[in-house]
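1. what's the 3D shape of this:
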Amino acid sequence: MTSPSLAELPPLREALERHGLLARKSFGQHFLLDLNITRKIARLAEVGEGDTVIEVGPGPGGLTRALLETGAKVVAIEKDSRFLPLLGELADAADGRLTLVEGDALRADMATLAGGGPAHMVSNLPYNVGTQLLINWLTGPFRPLSMTLMFQKEVADRIAAQDGDDAYGRLAVLSQTVCSARVVMDLPARAFTPPPKVASAVARLVPLEPAPDKAMVSALERVTAAAFGQRRKMLRSSLKPIGGGALCEAAGIDPDARAETIPIEGFQALATALLKA
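-> Have a look, this model is predicted:
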């Protein structure tokens, strides 16, 4: 029996019902079933014919379908084995352009998933691990061509925040040291099945050239952990375990300032000074 083409596949909601699948709260699952929305995300990701895309947590495959429609090759890693038969039907319709991997993205080697070549990352990330996954990718050895990722809106806002913003913190400094970062799409809770309690947003991150030095990024993690761990304190106090006022002066930063007022370049100067200390 010939497998249906992508265009002939049944609607996602119908496929979910046929397989008796429901979202699991323990996995942070909220399904995006509207193909108009998933196609817009695929356009925002700027992927196309012949590109390799890594997708984390495809679930029922709504975003996966949209990515395949662009002509891209998709490597999808799914922890919840319940979805593999449904995703297998999608793979059968994809003419060899969809590779399914059962596993935990927190432990996966992204370079291996990408087949050793360049790849984009496009995902509706599980809410409960989205931030940790992003930090892993920002600080790890694999350097994607781009990342177009859906998070809870407050997380997406933290990624793109500027100094002085309420959302400004460690995630903004780390993200914008490694990548250009902006929020490209907001989605209301009603766009998902089941609707989460909060709104969502898509952030687009493109790695900067040249890549920042890994040692500096590691030092930046230490500096921002200390500074934003006690964000209401002056830096001379919050940074005391790693150099305090002397570190600030070496970096040309006011030791009486607070973390939320220091621009990203200031934190980079602090990280560089820490490396020299």
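
2. What is the subsequent helix or strand relative to the helix or strand of the chain with the lowest mean pLDDT?
-> Scoring the helices and strands of the chain by mean pLDDT, DSSP states H and E places helix 12-19 at the bottom, with a mean of 78. Next helix or strand after helix 12-19 toward the C-terminus (DSSP states H and E): helix 35-44.

3. one step back: other SSEs contacting the least confident helix or strand of the chain?
-> On a contact count with 3 or more CB pairs under 8 Å, 6 or more residues apart in numbering; DSSP states H and E, helix 12-19 meets helix 84-93. Where you see a C-beta, it was placed from the backbone N, CA and C, and this is true even at glycine.

4. now the angle between helix 12-19 and the helix it packs on, please.
-> In terms of direction (axes from the mean of the first three to the mean of the last three CA atoms, to 10 degrees), helix 84-93 departs from helix 12-19 by 130 degrees.

5. got the CA positions of helix 84-93 in PDB?
-> C-alpha atoms of helix 84-93 as PDB (Å, rounded to 0.1, in the frame of the first residue of the first chain):
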ATOM      1  CA  LEU A  84       6.600   7.600  17.400                       C
ATOM      2  CA  PRO A  85       3.900   5.700  15.500                       C
ATOM      3  CA  LEU A  86       2.200   8.900  14.500                       C
ATOM      4  CA  LEU A  87       5.500  10.500  13.600                       C
ATOM      5  CA  GLY A  88       6.400   7.300  11.700                       C
ATOM      6  CA  GLU A  89       3.400   8.000   9.400                       C
ATOM      7  CA  LEU A  90       4.800  11.500   8.800                       C
ATOM      8  CA  ALA A  91       8.200  10.000   8.000                       C
ATOM      9  CA  ASP A  92       6.600   7.600   5.500                       C
ATOM     10  CA  ALA A  93       5.100  10.600   3.700                       C
END
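
6. hmm, who's touching it?
-> Helix 84-93 is contacted by residues 3-6, 8-9, 15-16, 19, 21, 58, 60-61, 64-65, 68, 76, 78, 98-100, 102 when judged by CB atoms under 8 Å, 6 or more residues apart in numbering.

7. and with 10 Å instead?
-> Identification of contacts with helix 84-93 by CB atoms under 10 Å, 6 or more residues apart in numbering yields 2-10, 12, 15-16, 18-19, 21, 58-61, 64-65, 68, 74, 76, 78, 83, 94, 97-102.

8. which ones among these are found in helices?
-> Judged by DSSP state H, the contacts of helix 84-93 include 12, 15-16, 18-19, 64-65, 68 as members of helices.

9. hmm, back to that, emit the ChimeraX select command for whichever of the contacts of helix 84-93 are buried.
-> Of the contacts of helix 84-93, the buried ones go into a single ChimeraX selection, burial set by 16 or more other CB atoms under 10 Å:
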select :9,12,15,16,21,58,59,60,61,64,65,68,74,76,78,83,94,97,98,99,100
